[in-house]
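Participant: quick one: sequence plus predicted model below, questions after.
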Amino acid sequence: MMIERKEYLNMLHRWRDKDVIKVITGIRRCGKSTLMELFQQELLSEGISESRIIAINFEDYGNMEWRDPVKLHAYIISRASMNEKTYVFLDEIQNVENFSPMIDSLYLRKNLDIYMTGSNAYMLSGELATYLSGRYVTVDMLPLSFAEYVQWTGDRNDLSKKYRDYLEYSSFPYATQLNGDRKAIQEYLSGIYHTVVMKDVIGRLKSADPMMLESILRFVYSSTGSPVSTKKIADTMNSEGRKIDVRTVEKYLSAFLDSYIVYQAKRFDIRGKQHLKTLEKYYAVDIGLRFFLLGRAHADTGHLLENVIYLELLRRGWEVSVGKLEALEVDFVAVNQETTQYIQVAATVRDEATLQREIRPLQRIKDNYPKIILTLDDDPDADYAGIRRRNALDWLIQD
């Protein structure tokens, strides 16, 4: 069963037949291959013949010979129609050795419309960026949103329970087919984790220490919602007798970001209108994966909600930073080409002191952009002199 990801499909349709390569990125098992299959089905339903669709998954052992870029190039050229557009789908392209010049050569053929997936951002740097600068667009995929999860699993009557399931049972698409079987879900998440660490992280770093990698990832996941510095991570590891320097921590963090198992939000000086260089925040790609690594001992409700809201803002196309206003903090400053919005996230603000703490930073911002407080309180929406309070689950579903 394939979950239709309409927003991502719409993005592919928007770029279809345009003179750019479409690169679909995201953590393993987030649905990239399925997205390409769904898109191919739509092409077929429109009357595009199978002969005009070339699809190769480079993780399929049966396609090992096409990991040779010379053979792959010759194969695609031999299959392509000379008179009509041929659609080329290359799944997990990073498995093709030195693929960048080959893709650049295919791009020169105007009868080809090229789509690729990759499970690490590293492939978009270095040679690929050099060869294809300005000639590709990225479709950045995440696991299921809360709205997608609810739509796929049904029953919108109890959103609070559905939200708890969403956190515990994982947002990875295939996990929805495991029917809440905790053991099966844990085994599935274990497979994702070890594949990402072994193939994408250690495969890139070569000499990385797997145990140290896991320790740092645990530290980062347990610090969700809190500013983190590479020095703090190194000092913590060293205090536990695990010797590591700041530069190595930086390399490990960079590899986590490139493999999409972790996302980073930089701090933004709201008054000075500039990003700051230290004390970023980090968020897990999936709360179920976070539970797999940490258990539920670190399950702070507010920080988990903050993680979910951060990822949802990314899905909706916002550039997201953590706002700094002198000694105060705004959880998220979200910017797109049209506007800015300021968002505070809290599990509850029914306590007056907590409400005032969340409102105070927003009151200090003097521009007229929207200011929102999102909580899990099942209360009617409210307005505090232009600062809106909304139920976070309604926001996740309705917007």
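Facilitator: In hand now; what should we look at?
Participant: going forward, measure contacts between C-alpha atoms and count neighbours the same way
Facilitator: Fine.
Participant: what number of residues are in the vicinity of F58?
Facilitator: 19 (other C-alpha atoms under 10 Å).
Participant: same check on A284?
Facilitator: Counted with other C-alpha under 10 Å, the neighbours of A284 add up to 24.
Participant: try D209
Facilitator: D209: 12 neighbours (other C-alpha under 10 Å).
Participant: next, the contact list for it, please.
Facilitator: Residues in contact with D209 (C-alpha atoms under 8 Å, 6 or more residues apart in numbering): none are found.
Participant: tell me how far it lies from K232.
Facilitator: 19 Å (C-alpha to C-alpha, to the nearest Å).
Participant: just K206 next, same as before
Facilitator: Taken as C-alpha to C-alpha, the span from K206 to K232 is 24 Å.
Participant: more crowded one of those two?
Facilitator: Neighbours were counted for K206 and for K232 using other C-alpha under 10 Å; K232 has more, 14 against 9.
Participant: what about that one, helix or strand, and which?
Facilitator: When elements are defined using DSSP states H and E, K232 is found to belong to helix 230-239.
Participant: which stretches of the stretch 151-300 of the chain form strands?
Facilitator: Chain-ordered strands for the stretch 151-300 of the chain, with DSSP state E, counting those that start in this stretch as the definition, fall at 262-265, 267-269, 274-275, 281-284.
Participant: so which of these is nearest N238?
Facilitator: N238 lies closest to strand 281-284 among these, at 20.9 Å (C-alpha to C-alpha).
Participant: pull out the buried positions in that closest one.
Facilitator: 281-284 (16 or more other C-alpha atoms under 10 Å).
Participant: lowest average confidence, helix or strand, in this structure?
Facilitator: Here the helix or strand of the chain ranked lowest by mean pLDDT, DSSP states H and E is helix 127-132, holding a mean of 72.
Participant: which element follows that helix toward the C-terminus?
Facilitator: Next along the chain after helix 127-132, taking DSSP H and E as the criterion, comes strand 136-140.
Participant: about what we covered before: put together TSV for the strands of the stretch 151-300 of the chain, with mean pLDDT and distance to D378 on each row.
Facilitator: Converted to TSV, the strands of the stretch 151-300 of the chain look like this (pLDDT from 0 to 100; distance: least, C-alpha to C-alpha, whole Å):
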stretch	mean pLDDT	distance to D378
strand 262-265	97	28
strand 267-269	94	30
strand 274-275	92	35
strand 281-284	97	25
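Participant: give me the helices and strands touching the helix holding K232, please.
Facilitator: Counting contacts by 3 or more C-alpha pairs under 8 Å, 6 or more residues apart in numbering; DSSP states H and E, helix 230-239 packs against helix 246-258.
Participant: can you give the contact residues for the helix it packs on?
Facilitator: Residues contacting helix 246-258 (C-alpha under 8 Å, 6+ apart): 120-122, 200-201, 204-205, 213, 216, 230-231, 233-234, 262-264.
Participant: out of those, which are buried?
Facilitator: 120-122, 200-201, 204, 213, 216, 230, 233-234, 262-264.
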